[in-house]
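Peer 1: I would like to see how this sequence folds:
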Amino acid sequence: MLGKLGKAVLRRRPPQPVRRRAIDSDDSAQPGDLTTASSYAFRRNRTLTGSLLSEISSPSEHRADLKSPRVQAHTLRYRRRKLVLRLFVLLAGIAGLAWILYQSVVSPSVTLVGVDSPPTEATRRYEKTIQDYLAARPFERLRALIDVKSLVDYLQHDCPEVQSVEPTIAFAGFGRAKFSIVVRHPVVSWQAGATLVFVDSSGAAFYRNVPESPVVQVIDRTGVQATTNKVLVSNRFLEFVGKVVGYFSAQKYTVSSVILPEGTTRQIEVKLEGVGYPVRMSIDRAAASQVEDAVRAIRYCAEHSVDPTYLDVRVSRRAFYK
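Peer 2: Numbers count the residues shown, from 1 in each chain. Sure thing, here's the model as predicted:
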């Protein structure tokens, strides 16, 4: 009786749990079998967080061990956006580096506008001057940052024959840039002592005839040494002579010579091609007004068959002839 009762008690006792052990990876396990996945394997002193159901949300589910398909899709989308952003930043950096290489100016190249065969010496001189300018301003080593006005002022300080620089600086290869320089075309030349001075139509004086243009020579008959006469060597006098030649050229008259008459240093005599008499002018009056009065007087003499010895336009709105 007791033996049967003891057997019944033993049968009612619940079975003992299986000893805990690590789950080894099984090659035959299916990819979707969560019981054999290494990411869900039991580890001592570890708590598995998260949920496998999309309907059940858990705190910090994006950093949980168990992730639902919805959370996994969100994680993949976040990683994809992060990779795209990194790729965009990388491409932007490459494009910026290529732009810097495209804009950089290591060695300048100079071309002279309107000059068929520019002298090599002049070209090298301008290239060296531009290189000195860029060396003093390293931030302007990029073509887009070059201050053209400041560059022109720097060039004209040592090379007054430079008139301007084209605002568009062309690409001439990586590290090279082509600067198009416009030089002055002289209209008058004058020997002031041992120095040969050239003047363009705007009245600017310089000392190099780079384009080798034909010029009108000033004939000095004053008998005064140019080096000691402050009137003749002044910029005002040179500017006046250059503007007179330029204004006559604009009126379709070509100046053949400019004479400084004897006994005076404040007036000139201008001889024109096709006009048989000189025109007397004064440097104390505006060149444009005198040229305008002279043109009107020349046309009047031609219409009325007047052949004077000279034409004087030194007085405003008056023209005297003899």
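Peer 1: wait, doesn't residue 254 sit right on residue 245?
Peer 2: No - Residue 254 lies out of contact with residue 245 (CB atoms under 8 Å); the separation is 9.0 Å. Where C-beta positions appear, they are placed from N, C-alpha and C, glycine not excepted.
Peer 1: Those two - which one has more neighbours?
Peer 2: For residue 254 versus residue 245, neighbours defined as other CB atoms under 10 Å are more numerous around residue 245 (25 against 12).
Peer 1: All the helices of the stretch 201-322 of the chain, residue numbers only.
Peer 2: 235-250, 287-303 (DSSP state H, counting those that start in this stretch).
Peer 1: in the shortest one, what's buried?
Peer 2: Same thing as helix 235-250. For helix 235-250, the neighbour count (16 or more other CB atoms under 10 Å) marks 237, 238, 239, 240, 241, 242, 243, 244, 245, 246, 247, 248 as buried.
Peer 1: Run the angle between it and helix 287-303 for me.
Peer 2: Counting by axes from the mean of the first three to the mean of the last three CA atoms, to 10 degrees, helix 235-250 lies at 40 degrees to helix 287-303.
Peer 1: what's next to helix 235-250, contact-wise?
Peer 2: Contacts to helix 235-250, defined as CB atoms under 8 Å, 6 or more residues apart in numbering, come from residues 187-188, 190, 197, 199-205, 216, 218, 231, 254-255, 258, 268, 270, 272, 281, 283, 287-288, 290-292, 294-295.
Peer 1: and the residues you listed, which are buried?
Peer 2: 187-188, 190, 197, 199-201, 203-205, 216, 218, 255, 258, 268, 270, 272, 281, 283, 287, 290-291, 294-295.
Peer 1: ok, now which ones touch residue 165?
Peer 2: 148, 151, 152, 155, 179, 180, 181, 182.
Peer 1: Now the buried members of those.
Peer 2: 151, 152, 155, 179, 180, 181.
Peer 1: so which strand or helix has the fourth one?
Peer 2: For residue 179, the element it lies in under DSSP states H and E is strand 175-183.
Peer 1: Let me know the average pLDDT across that strand.
Peer 2: For strand 175-183, the mean pLDDT works out to 90.
Peer 1: Need the residues that contact that strand.
Peer 2: Counting by CB under 8 Å, 6+ apart, 101, 104-115, 122, 126, 130, 143, 155, 161-166, 168-172, 210-211 sit against strand 175-183.
Peer 1: Go through the residues you listed and flag which are in strands.
Peer 2: In strands, judged by DSSP state E, the following of the contacts of strand 175-183 are found: 105-113, 162-165, 170-171.
Peer 1: Taking those, tell me the two that lie furthest apart.
Peer 2: 106 and 163 (26.4 Å; CB to CB).
Peer 1: Tell me which of those two has more neighbours.
Peer 2: The neighbour comparison of residue 106 against residue 163 (other CB under 10 Å) goes to residue 163, with 19 against 12.
Peer 1: contacting residues for the more buried one?
Peer 2: Applying CB under 8 Å, 6+ apart, the residues near residue 163 are 182, 183, 184, 200, 204.
Peer 1: just to revisit the earlier point, need the buried residues of helix 235-250 in a markdown table with distance to residue 314 and pLDDT, can you?
Peer 2: Below are the buried residues of helix 235-250 laid out as a markdown table (distance: CB to CB, whole Å; pLDDT from 0 to 100):
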| residue | distance to residue 314 | pLDDT |
| --- | --- | --- |
| 237 | 15 | 80 |
| 238 | 19 | 80 |
| 239 | 18 | 83 |
| 240 | 13 | 86 |
| 241 | 15 | 85 |
| 242 | 19 | 86 |
| 243 | 16 | 88 |
| 244 | 13 | 89 |
| 245 | 18 | 88 |
| 246 | 19 | 87 |
| 247 | 16 | 90 |
| 248 | 16 | 90 |
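Peer 1: What is the nearest of those to residue 263?
Peer 2: Using CB to CB, these come closest to residue 263 at residue 237, 16.5 Å.
Peer 1: Against residue 197, how distant is that closest one?
Peer 2: 10 Å (CB to CB, to the nearest Å).
Peer 1: from memory residue 140 sits against residue 147, does it?
Peer 2: Yes - the criterion here is CB under 8 Å, and residue 140 meets it with residue 147 at 6.5 Å.
Peer 1: out of those two, which sits in the busier spot?
Peer 2: residue 140 (16 against 13).
Peer 1: May I have the phi/psi pair for that one?
Peer 2: In terms of degrees, to the nearest 10, the main-chain angles of residue 140 are phi -90, psi 20.
Peer 1: any weak-confidence spans in the stretch 51-200 of the chain?
Peer 2: Across the stretch 51-200 of the chain, the ranges flagged by pLDDT under 70 are 51-68, 192-193.
Peer 1: Show me which helix runs longest in the protein.
Peer 2: Longest helix in the chain by number of residues (criterion: DSSP state H): helix 69-103.
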